[in-house]
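**Q** Generate coordinates for the sequence data below:
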Amino acid sequence: MKINQIVLVVALSIVAAYATVTLAGKPSAVSALVKETRIDQVKRTGVLRCGYTTWPPFIIKDPNTGKMSGVNYDVVEEMGRQLKLKIEWTAEVASGQMLSDLALNRYDMICTLFGLTPGRSRETSFTIPFVYLPVNMYVRQDDTRFDQDPQLANKPEVNLAVLDGEFSSIGANENFPNSTKVSVPQLSTAADLFMTVATKKADAVLQDPFVFEEYNKGNPGVLRPAGNKTFRVIATGMPIPANEPAYKDMLDTTIAYLEDSGFIDRVLKKYEGEIKYVRPAKNFAE
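**A** Residues are numbered from 1 along each chain as shown. Reported below is the predicted structural model:
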């Protein structure tokens, strides 16, 4: 080997050794190159951060005390107990910005139920469903135009109340593309959608009977479902970050455990009124 080659080898060896020692003394330099997974993050912090929107009876927030309750609240708090994680109800966020905030790591899960749709699946993953929601069209008491055929609402002269990012908007655009959409402000509730119809700013709204039941308690006899058939049924889950299979598996396993233990059924019964929730089929024969 020539003398200049020997010198080069020795020099490179010294540089490599120096780099190894330097990086070994600064683990952050190495770890900065490896993106922390969401499951590692929640285990490291011991906290699962929830983004949510108030949507009775799934997420209920007392306007005076701030105390929270509801189907999702009870289920998620129990998930935290089972996983030995503190649930932090981080932010009440508009439906339209939730998925983007989730991707930016502002919270670890959207703890309000969202309908599982192909469009949403392009942006996020979901936990497994623990409840299915029937969807009805709701109209004013004296409006019978759509009782025989909801598709009669698929006309430009028919106004549908919608909340961007929520199923009232997705269903309206998918099933009634020719109708005129009347948007309510972000951070609106289901009650605001119903009120838009009640005050004749819109003719109808697509919504589930559970939130309608909550609205109807304080506003009896104002609105009603059009016809006597359920418009459609949608599976629901809680949105979680995409491309995090271990994190999804942890949450799905916990939900399945709570289903099999009967906890979720007890929660659903706690918040049920006359209308019963649609449960997923059991994974075993009774």
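
**Q** Below-threshold pLDDT in the stretch 1-150 of the chain: ranges please.
**A** Judged by pLDDT under 70, the stretch 1-150 of the chain has its weakly predicted residues at 1-34.

**Q** Please, where are all the helices along this structure?
**A** If DSSP state H is used as the criterion, the helices of the chain fall at 3-25, 27-31, 38-45, 71-83, 95-103, 118-121, 167-175, 190-198, 209-218, 245-260, 263-271.

**Q** Please point out which parts of the shortest one sit buried.
**A** Judged by neighbour count (16 or more other C-beta atoms under 10 Å), helix 118-121 contains these buried residues: Arg120. For glycine as for every other residue, the C-beta is placed from the backbone atoms N, C-alpha and C.

**Q** re the thing from before, okay, the helices of the chain in a markdown table with distance to Ile60 next?
**A** What follows is the helices of the chain, written out as a markdown table (distance: least, C-beta to C-beta, whole Å):
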| stretch | distance to Ile60 |
| --- | --- |
| helix 3-25 | 51 |
| helix 27-31 | 41 |
| helix 38-45 | 25 |
| helix 71-83 | 7 |
| helix 95-103 | 17 |
| helix 118-121 | 24 |
| helix 167-175 | 19 |
| helix 190-198 | 12 |
| helix 209-218 | 9 |
| helix 245-260 | 19 |
| helix 263-271 | 9 |
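
**Q** can you tell which of those is closest to Leu133?
**A** When the helices of the chain are compared for distance to Leu133 using C-beta to C-beta, the nearest one is helix 209-218, at 7.2 Å.

**Q** wait, which of the helices of the chain is closest to Pro57?
**A** Closest to Pro57 of the helices of the chain is helix 263-271 (C-beta to C-beta; 4.6 Å).

**Q** That closest one relative to helix 71-83, how many degrees between them?
**A** 150 degrees (axes from the mean of the first three to the mean of the last three C-alpha atoms, to 10 degrees).

**Q** tell me the angle of helix 263-271 relative to helix 209-218?
**A** Computed with the same axes, to 10 degrees, the direction of helix 263-271 lies at 20 degrees from that of helix 209-218.

**Q** and helix 263-271, what other elements does it pack with?
**A** Counting contacts by 3 or more C-beta pairs under 8 Å, 6 or more residues apart in numbering; DSSP states H and E, helix 263-271 is packed against helix 71-83, helix 245-260.

**Q** Quick check: can you list the domain ranges of the protein?
**A** Under automatic domain parsing, the residue ranges defining each domain of the chain are 38-131+236-271, 134-234.

**Q** pLDDT of stretch 182-193, averaged?
**A** Stretch 182-193 comes out with an average pLDDT of 90.

**Q** still on that earlier bit, can you put the domains of the chain in CSV and add distance to Asn283?
**A** CSV is the format used below for those (distance: least, C-beta to C-beta, whole Å):
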stretch, distance to Asn283
domain 38-131+236-271, 8
domain 134-234, 19
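
**Q** Quick one: closest of these to Pro280.
**A** Each of the domains of the chain has some distance to Pro280 by C-beta to C-beta; the shortest is domain 38-131+236-271, at 5.7 Å.

**Q** To Gln141, which of the helices of the chain lies closest?
**A** Closest to Gln141 of these is helix 190-198 (C-beta to C-beta; 9.5 Å).

**Q** which one is Ile110 nearest to, not counting chain neighbours?
**A** Pro239 (4.2 Å; C-beta to C-beta, 6 or more residues apart in numbering).

**Q** OK, contacts around the one you found?
**A** Residues in contact with Pro239 (C-beta atoms under 8 Å, 6 or more residues apart in numbering) are 98-99, 102, 109-110, 114, 120, 124-126.

**Q** Brilliant, that's me finished.
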